[in-house]
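Student: Fold the following and give me the result.
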Amino acid sequence: MNEPGRLIAFEGIDGSGKTTQWKRLAARLRAGGREVVLSYEPTRNRWGRALRDAWLGGKRLPVEEEIHLFERDRREHLHTLIRPALARGAIVLLDRYYYSSAAYQGSREGQTPEAVLARFETFAPAADLMLLFDLPVTEALWRMNDSGKSPDAMEVRGNLERVARAYRSLDRPEIRRIDASGPPDEVERRVWDVVRRVLP
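Tutor: As a prediction, the model looks like this:
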């Protein structure tokens, strides 16, 4: 990426615990005196909101429309937040990045994970590290139900099973799979053992 900072993406199916670990890693790094920028995709800009509003309403947009909205959202995100933070040496932690598009949109009819990856890699830099939180769909659904969270259009079993298969198909050198089963403290130790090796 030719930037002094580091970009770390947190990926996995809904309910895998990645957001919990995203926050925990930020706290650990900040306690060590590092500048950390936390962000997520889709963002809260107008294109990201269009995606979120549709899903929360129980609706999936046509796949090409979803990809187009993600492209507009991601280009702005890179320009306004990600690249400036990396340029000044910050560690950017993303709760989802273009790997999610490859899994969630690439698993839909008429698309493939590799085709979606290739589209976004024309303008979006690869992460220095992509942490893929691996958890069976049944356990992920149990966790979401146990938390009282109502599933949106992205979180139904059939979709999560397709997405999990798409994630497993991804083959990039920056990907590290994390066993997301077990207590959060145990998963956090697994995350740190991987992350500390890529920090400047």
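
Student: what about Leu38, which SS state?
Tutor: strand (DSSP: H, G, I helix; E, B strand; the rest coil).

Student: ugh, wrong one, Ala102
Tutor: Assignment for Ala102 (three-state DSSP): helix.

Student: doesn't Gln111 make contact with it?
Tutor: No - Ala102 is beyond contact range of Gln111, at 9.1 Å (criterion: Cβ atoms under 8 Å). Where you see a C-beta, it was placed from the backbone N, CA and C, and this is true even at glycine.

Student: neighbour count winner among these two?
Tutor: Ala102 (28 against 20; other Cβ atoms under 10 Å).

Student: what number of residues lie near Glu161?
Tutor: Around Glu161 there are 15 residues (other Cβ under 10 Å).

Student: Just give the closest residue to it, not the sequence neighbours.
Tutor: Val137 (5.3 Å; Cβ to Cβ, 6 or more residues apart in numbering).

Student: got it, and Leu51?
Tutor: Here the residue nearest Leu51, using Cβ to Cβ, 6+ apart, is Pro42, at 4.7 Å.

Student: mind checking how far that neighbour is from Ile175?
Tutor: 21 Å (Cβ to Cβ, to the nearest Å).

Student: And for Leu141?
Tutor: From Leu141 to Ile175 the distance is 24 Å (Cβ to Cβ).

Student: This structure: helices as residue ranges?
Tutor: 18-31, 46-56, 63-77, 83-87, 98-104, 113-120, 137-146, 157-169, 184-195 (DSSP state H).
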